[in-house]
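In: have a look; sequence and predicted model below, questions after that.
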Amino acid sequence: METHTHEYSAYITAIGTAVPQYAVPQMQIAEFMADAMDFDERDRRRLNALYRQTRIEKRHSVLPDYNLKNGDYSFYPNAPGLEPFPTVSQRMAIYRQEAVPLAQRAIENCLAEQPDFDRQTITHLIVVSCTGLYAPGPDIELIEVLGLPTTTQRLAINFMGCYGAFNGLKTADAIVRADVDAKVLVVCVELCTLHFQKKPETDHLLSNALFADGAAAVLVEGESQLGSMLPGSTLRGPAFRGPALRGPALRLRSFYSDLFLEGKAEMAWHVSDFGFEMTLTSEVPRYIQQGIGELLSRLLRKSGLTIGDIDLYAIHPGGRKILEVIEKQLGIDATDDRFAYEVLRDFGNMSSATVLFVLKNIWRSLLTAQGTDQLLGSEPDTTNGQHILSCAFGPGLTLESMILEVISRPAEPFTTLSALSTEAVPID
């Protein structure tokens, strides 16, 4: 007897983001850092030039201190040179206090995209973070504050850096492909500003100029929620068999990862006596430039696509120079890469959460396009079947990449789309 097997797919069905309440202009942070290190006028000018070149306008922190002057700090010592400088223990105390509320805000923002979704049906929770560790950890605390079943399967992905979200998504993809009824919540939460290092070396100056705090969450579901493409279906995209869902779904089509060990020393993340220390040399863009072309060529071949089939880009904005070398290798420009630059400008580099902020911006653009098509009565939906290329990098030197496919779904009238969130949710 001939048997037919159906290869199930996993879909991102909602994305949420959140940032802390303290928004700090980029040049204000430069002033804080210069004061902390007692820079003279010449070094202050050099530091200000570095900060202006980042293309970051503001960042967010769980600490109010970066907007304040010495004498008004609540975390750093109100003393010359910020001495005694905060220890790992003191920084982790703030992480334990702030990480879960920020992650919860991102999750609530995510689930608000699908108001009919029953959170009691979540089967798995994956928590990604590289900026803090403790146990019982954020995974258990989130089960409690979200009111999820205590039987929810939990997984923590720690200390992997800016590409951590890809490992969370790959794990969710494997779970859903194995169990079509699984519903996986992935949340990335990073409090990078806890780890400011008061050192004048270029690595530390650059890290201090880029990193910020933020959290992002995605809901990953299978075809039991969306429905499979059934013979004779008149719907565009998957036939829908569930409560009303708004907006597109993003099918996790393929992943590809590689290591460039010759760049291992150029990016690193270590626990020191006074916080986590980032090594980020000026050689990182060169190594990425050498490896990104072949990596993405292999990803495209694995997907049966060419670069001409890519409609949208979700590049991790690790920094301006890194974005520029990737654009050069892909033959695209800053307009094609606009979603990454928007996130870099408004939020800086939030480590693992950042690429999900970029996907959130793409999600909003797809909602707008879908709503326009509905108003104009366009057939078919112009966003359906578009491909998104995404990549990130981190210690190793690790390069991660994926292809997502836009799947349009039956939606409520366009007038309801205004109810969807358009901002990262700040902590009150």
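Out: Nice, I can see it. Numbering: from 1, shown residues only.

In: mind listing the strands for the protein?
Out: Listed in chain order, the strands of the chain (DSSP state E) span 11-19, 22-25, 58-61, 124-129, 153-158, 183-191, 213-221, 249-259, 267-272, 275-280, 312-315, 387-394, 398-407, 425-426.

In: give the contact list for the residue nearest to residue 204 when sequence neighbours are not counted.
Out: Counting by C-beta to C-beta, 6 or more residues apart in numbering, residue 204 lies nearest to residue 197, which is 4.5 Å off, once chain neighbours are set aside. C-beta coordinates here come from the backbone N, C-alpha and C atoms, glycine included. Taking C-beta atoms under 8 Å, 6 or more residues apart in numbering as the criterion, residue 197 is in contact with 204, 207-208, 272, 274-275, 277-278.

In: again with residue 345
Out: 55-57.

In: how close does it get to residue 169?
Out: As judged by C-beta to C-beta, to the nearest Å, residue 345 and residue 169 stand 24 Å apart.

In: show me where pLDDT drops low in the protein?
Out: By pLDDT under 70, the low-scoring segments of the chain are 1-6, 224-246, 371-381, 409-428.

In: quick one: the helices in it?
Out: Here the chain has its helices, by DSSP state H, at 26-36, 41-53, 88-111, 138-146, 164-178, 202-210, 223-226, 284-303, 320-330, 338-347, 354-376.

In: adding distance to residue 396 as columns, could you present those helices in CSV?
Out: Putting the helices of the chain into CSV (distance: least, C-beta to C-beta, whole Å) gives the following:
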stretch, distance to residue 396
helix 26-36, 28
helix 41-53, 25
helix 88-111, 23
helix 138-146, 24
helix 164-178, 12
helix 202-210, 17
helix 223-226, 34
helix 284-303, 10
helix 320-330, 15
helix 338-347, 21
helix 354-376, 16
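
In: next, count neighbours for residue 118.
Out: 10 (other C-beta atoms under 10 Å).

In: any idea what the residue nearest to residue 157 when sequence neighbours are not counted is bridged to?
Out: Among residues not flanking residue 157 along the chain, residue 128 sits closest, at 4.6 Å (C-beta to C-beta, 6+ apart). Beta-bridge partners of residue 128, counted by DSSP bridges, are residue 157, residue 188.

In: surely residue 128 meets residue 185?
Out: No: using C-beta atoms under 8 Å, residue 128 makes no contact with residue 185, being 11.4 Å away.

In: follow-up on the earlier one: redo the strands of the chain as TSV? Include distance to residue 286.
Out: Listed next are these as TSV, based on distance: least, C-beta to C-beta, whole Å:
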stretch	distance to residue 286
strand 11-19	31
strand 22-25	30
strand 58-61	26
strand 124-129	28
strand 153-158	28
strand 183-191	26
strand 213-221	28
strand 249-259	16
strand 267-272	12
strand 275-280	13
strand 312-315	17
strand 387-394	13
strand 398-407	14
strand 425-426	37
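
In: can I get those in JSON lines including distance to residue 288 and mean neighbour count?
Out: Below are the strands of the chain laid out as JSON lines (distance: least, C-beta to C-beta, whole Å; neighbours: other C-beta atoms under 10 Å):
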{"stretch": "strand 11-19", "distance to residue 288": "25", "mean neighbour count": "26"}
{"stretch": "strand 22-25", "distance to residue 288": "28", "mean neighbour count": "18"}
{"stretch": "strand 58-61", "distance to residue 288": "22", "mean neighbour count": "24"}
{"stretch": "strand 124-129", "distance to residue 288": "21", "mean neighbour count": "25"}
{"stretch": "strand 153-158", "distance to residue 288": "22", "mean neighbour count": "16"}
{"stretch": "strand 183-191", "distance to residue 288": "21", "mean neighbour count": "28"}
{"stretch": "strand 213-221", "distance to residue 288": "22", "mean neighbour count": "29"}
{"stretch": "strand 249-259", "distance to residue 288": "12", "mean neighbour count": "20"}
{"stretch": "strand 267-272", "distance to residue 288": "10", "mean neighbour count": "16"}
{"stretch": "strand 275-280", "distance to residue 288": "12", "mean neighbour count": "20"}
{"stretch": "strand 312-315", "distance to residue 288": "11", "mean neighbour count": "24"}
{"stretch": "strand 387-394", "distance to residue 288": "6", "mean neighbour count": "24"}
{"stretch": "strand 398-407", "distance to residue 288": "7", "mean neighbour count": "24"}
{"stretch": "strand 425-426", "distance to residue 288": "32", "mean neighbour count": "16"}
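
In: which stretch among the ones you listed comes nearest residue 81?
Out: strand 275-280 (15.5 Å; C-beta to C-beta).
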